[in-house]
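Enquirer: what follows is a predicted structure for the sequence shown.
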Amino acid sequence: MKNIVVVGGGIAGVETACLLAESGNHVTIIERSDKLGGKLNQWYCLFPDFKKSDEVLDYIHNRLKNFDIEVKLKSVVENVEPNGNGWFIYTGNVRYAADAVVLATGYDLFDATRKEELGYKIYDNVYTQADIEAKFKSGNLKTSYGKDPERIAIVHCVGSRDEKCHNMYCSKVCCVTGVKQAIELAKFLPKTEIFCFYMDLRMYDKHFEELYRSAQEHHNIQFIRGRVSEVSESSDNRLSIKTEDTLSGRPMKMKLDMIILLAGMEAKKNTLATAKLFDVETEESGFLKSKDFHLGAGILSRKGIFAAGTCISPMSIKETIENARSSAFQVNEYLKSL
């Protein structure tokens, strides 16, 4: 029996841990928060089929019940020491021996306050997609002045594909998240006008294009190609945006009751510190750097240290689970060589 430490108890960490335990290993999950599931706990429904996030959370919790996995909540890795071919992992006053380590530390949403021109935390009724998921969960989609919004704008690519923010990559899931939320809003608020302002719509996976078409054909969502340059508040407490319809080449102004900013995915703020602790490389973007992009996304630069999930790159829920399964396979292959 080998000992494995999984750092991070989101869906990638739990799925990896379960598969490694299923192979007969002793697995410990170290999670800094007070519960497992990561950011999925904050989500209401998932694209493209509107599956409730609770169903996926139930899946990982039920998976855990099948295995004797040690879970340490509200714990962080404080130190790492070499131990033969493995490591000693220290958290609090506890030391864990590990033959292999899986980093599944997740991601952060881009801090939309960095884009001051978009008004997040400056004006009421400017939200991120995460804020809207919380409103879906509570069943309250009214504006801060207690009314149903008459007009909503969803702004794509906030903090992604943005040289000024030093994020040149596409966050991959923002477009389809915006389409999903637009449809949900249309169902909750059938009298509300909903507009999506986008740079390019990247409907990359199965059923995503159908979701986009459904948004237009069945829910009257209007898509406008153009980057929003400024958000302000008018004298009647409504929001006003400036943008350009890049297809027609005309500048636009629009009054709104609510704006939703689709914040991109970034490497977690502590990823660099974690990488230094385990002596592995990071990319310029801040995500953990895979040893080989094509042949081993979960294999890192130091032997015996692996990664799973969105600490490597932006991923959907489906891709995160698939990547976790791949990483578990890679760990098991490595353990055979010890």
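Expert: Noted; the coordinates are in hand. Residues are numbered from 1 along each chain as shown.

Enquirer: how's this structure carved up into domains?
Expert: 3-106+268-336, 109-265 (automatic domain parsing).

Enquirer: for the longest helix anywhere in the chain, list the C-alpha coordinates in PDB.
Expert: Of all the segments of type helix in the chain, defined by DSSP state H, the longest one is helix 317-336. Taking C-alpha atoms only, helix 317-336 is exported to PDB below (Å, rounded to 0.1, in the frame of the first residue of the first chain):
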ATOM      1  CA  ILE A 317     -16.700  20.600 -14.700                       C
ATOM      2  CA  LYS A 318     -16.800  17.700 -17.200                       C
ATOM      3  CA  GLU A 319     -13.200  18.300 -18.200                       C
ATOM      4  CA  THR A 320     -12.100  18.700 -14.600                       C
ATOM      5  CA  ILE A 321     -13.400  15.200 -13.700                       C
ATOM      6  CA  GLU A 322     -11.900  13.700 -16.800                       C
ATOM      7  CA  ASN A 323      -8.600  15.300 -16.100                       C
ATOM      8  CA  ALA A 324      -8.700  14.000 -12.500                       C
ATOM      9  CA  ARG A 325      -9.200  10.500 -13.700                       C
ATOM     10  CA  SER A 326      -6.300  10.900 -16.100                       C
ATOM     11  CA  SER A 327      -4.100  12.200 -13.300                       C
ATOM     12  CA  ALA A 328      -5.000   9.300 -11.100                       C
ATOM     13  CA  PHE A 329      -4.000   6.900 -13.800                       C
ATOM     14  CA  GLN A 330      -0.600   8.700 -14.100                       C
ATOM     15  CA  VAL A 331       0.000   8.500 -10.400                       C
ATOM     16  CA  ASN A 332      -0.800   4.700 -10.300                       C
ATOM     17  CA  GLU A 333       1.600   4.200 -13.200                       C
ATOM     18  CA  TYR A 334       4.300   6.100 -11.300                       C
ATOM     19  CA  LEU A 335       3.700   4.100  -8.100                       C
ATOM     20  CA  LYS A 336       4.300   0.900 -10.000                       C
END
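
Enquirer: rewinding a little: got the domains of the chain as a markdown table, with mean pLDDT and mean neighbour count columns?
Expert: For glycine as for every other residue, the C-beta is placed from the backbone atoms N, C-alpha and C. Shown next, in a markdown table, are those (pLDDT from 0 to 100; neighbours: other C-beta atoms under 10 Å):
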| stretch | mean pLDDT | mean neighbour count |
| --- | --- | --- |
| domain 3-106+268-336 | 96 | 19 |
| domain 109-265 | 94 | 18 |
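
Enquirer: give me the distance from the longest helix of the chain to the chain's centre.
Expert: Remark: helix 317-336 is offset 19 Å from the chain centroid, using C-alpha atoms, centre = their mean, to the nearest Å.

Enquirer: quick one, strands of the stretch 51-200 of the chain?
Expert: Under the criterion DSSP state E, counting those that start in this stretch, the stretch 51-200 of the chain contains strands at 51-52, 70-72, 79-83, 86-91, 94-98, 100-103, 107-109, 126-128, 151-158, 193-198.

Enquirer: how many neighbours does residue 2 have?
Expert: The burial count assigned to residue 2 is 20, neighbours taken as other C-beta atoms under 10 Å.

Enquirer: how about it, what does it touch?
Expert: 25, 26, 99, 100, 335, 338 (C-beta atoms under 8 Å, 6 or more residues apart in numbering).
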